[in-house]
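> Give me coordinates for this.
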Amino acid sequence: MLTIRKFNHTNQDFADVVAIYNADWPDEPITIEEWRHYLDVRNPNFLDQQFVMEQTGEQVAKPEMVATFRIWESEGSYVPGKYRIEYCIHPNALDQGIDEQIYQYITAYVKKRNPAPQFLDTKMREDRSDRIRFWTNHGFEIVMREPKSELIVTNYDFSRFDGAFQKVANHGIQILTMTELQQRDPKWLRHYYNLFWLIINDVPSADKRTPIPFEKWRKRITDSPNLLPEANFFALDGDQWVGTSNLWKDASNKENLNVGVTGVLPSHRRQGIATALKLKTFDYAIEYGAITLKTGNEENNPMYELNLALGFKPKPAWLSLRKTL
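Just a heads-up that it's a prediction; the model follows:
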């Protein structure tokens, strides 16, 4: 018998949920520490509820977790009545109709919510055709495509970009790390916050961005177990922060680093700043000992074209899907 209950914040539930996720997505694993951090920094004013499905009954000695799923409101792109959903099923438990049971549970759950549901959103990688088919069969439509891409950074040919750093210097641009800015600017974090939202608002999204309060945003950045201050680069024009690019630890793979946000203010584009920032991250990654860099961009985002020009190779995209209720 399959039963559903709420996720408990016990060590066992954390271990079991992460094990389910990593079994379902072995090429994009997460760690318990990362999942704890996510839950620690979420905003309690927004719905974010996780459930687990267990095999119970006389045929099992104790309840065995076979799937997990979440229902939440997106704080960073809030639309009243929009609920986001995702699920993971252990490969050993497939072909039991678990997908359908989870979906029926979710739809019944959100019907009781206030505000009343207007949209259901989810994401799925395009190479998981079985999951894409499941969602489209239930009335979901693709609203955005975000290709992943990967760069083998070892032995990178920097000679293709000779003069890149001098070019930005000629424009009066200085590139500094987070560590350097922490030491020289007591308001560095507030400057970073302001720059982040100016840049992120230009990143394509299915819905308009809604700023996250400073203190909650700060915890997501500075308390992250994957923060690398020396891999966070910022472009300054005098005292004005005009661009950034950063790398983050991959807790599951020491030979990989994940690319965070890269962007430049409109007033300072077409000056080679984004390219110089990217090259700084490549240099850091090589010293760090990384072999690969991984990132993702909406397919019409100019940053995706820059990544390809810098040598990133396309990987299967993540699709944003939506059902209008």
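> quick one: residue 199 is in a helix?
Yes. Using DSSP: H, G, I helix; E, B strand; the rest coil, the secondary structure at residue 199 is a helix.
> Now do the same contact list for it.
By CB atoms under 8 Å, 6 or more residues apart in numbering, the contact list for residue 199 reads 243, 244, 261, 263, 264, 265. (C-beta placed from N, C-alpha, C; glycine too.)
> So which of the residues you listed are in strands?
243, 244, 263, 264 (DSSP state E).
> helix or strand for the spatially most distant residue from the centre of the chain, which one?
Outermost residue of the chain with respect to the C-alpha centroid, by CA atoms, centre = their mean, is residue 58; its distance is 40.3 Å. Assigned by DSSP states H and E, residue 58 belongs to no helix or strand.
> confidence score at it?
The score at residue 58 is 74. That number is its pLDDT.
> now swap in residue 40 and tell me
What the model reports as pLDDT for residue 40 is 92.
> What are the buried residues along stretch 219-231?
220, 221, 224, 226, 227, 228, 231 (16 or more other CB atoms under 10 Å).
> So which residues of the stretch 51-200 of the chain form helices?
Ranges of helices within the stretch 51-200 of the chain are 98-111, 129-137, 164-170, 178-184, 188-200, based on DSSP state H, counting those that start in this stretch.
> JSON lines please, covering these and showing distance to residue 74 and mean pLDDT.
JSON lines is the format used below for the helices of the stretch 51-200 of the chain (distance: least, CB to CB, whole Å; pLDDT from 0 to 100):
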{"stretch": "helix 98-111", "distance to residue 74": "14", "mean pLDDT": "97"}
{"stretch": "helix 129-137", "distance to residue 74": "18", "mean pLDDT": "97"}
{"stretch": "helix 164-170", "distance to residue 74": "35", "mean pLDDT": "97"}
{"stretch": "helix 178-184", "distance to residue 74": "26", "mean pLDDT": "97"}
{"stretch": "helix 188-200", "distance to residue 74": "13", "mean pLDDT": "97"}
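> so who does residue 201 touch?
Applying CB under 8 Å, 6+ apart to residue 201 gives the contacts residue 209.
> Ramachandran angles for it?
Main-chain dihedrals, residue 201, degrees, to the nearest 10: phi -70, psi -20.
> go on, residue 285?
In terms of degrees, to the nearest 10, the main-chain angles of residue 285 are phi -60, psi -40.
> Against residue 18, how distant is it?
Residue 285 is 26 Å from residue 18, where distance means CB to CB, to the nearest Å.
> my read: residue 165 touches residue 279, true?
Yes. Using CB atoms under 8 Å, residue 165 is in contact with residue 279, at 7.4 Å.
> So for those two, which sits in the more crowded spot?
residue 279 (21 against 16; other CB atoms under 10 Å).
> pretty sure that one is touching residue 164, no?
Yes. The criterion here is CB under 8 Å, and residue 279 meets it with residue 164 at 5.8 Å.
> My read is that residue 216 contacts residue 44, right?
No. Using CB under 8 Å, residue 216 is not in contact with residue 44; the gap is 10.2 Å.
> Between the two, which has more neighbouring residues?
Taking other CB under 10 Å, residue 216 and residue 44 do not tie; residue 216 has more neighbours (13 against 6).
> Can you pull the phi/psi pair for the more buried one?
Torsion angles, degrees, to the nearest 10, at residue 216: phi -70, psi -40.
> Once you drop chain neighbours, what's closest to it?
Among residues not flanking residue 216 along the chain, residue 43 sits closest, at 5.8 Å (CB to CB, 6 or more residues apart in numbering).
> What is the neighbour count of that neighbour?
14.
> Quickly note the distance from it to residue 33.
Separation of residue 43 from residue 33 (CB to CB): 20 Å.
> And for residue 185?
29 Å.
> can you check residue 148 too?
From residue 148 across to residue 33, the span is 23 Å (CB to CB).
> for residue 97, same thing?
Taken as CB to CB, the span from residue 97 to residue 33 is 33 Å.
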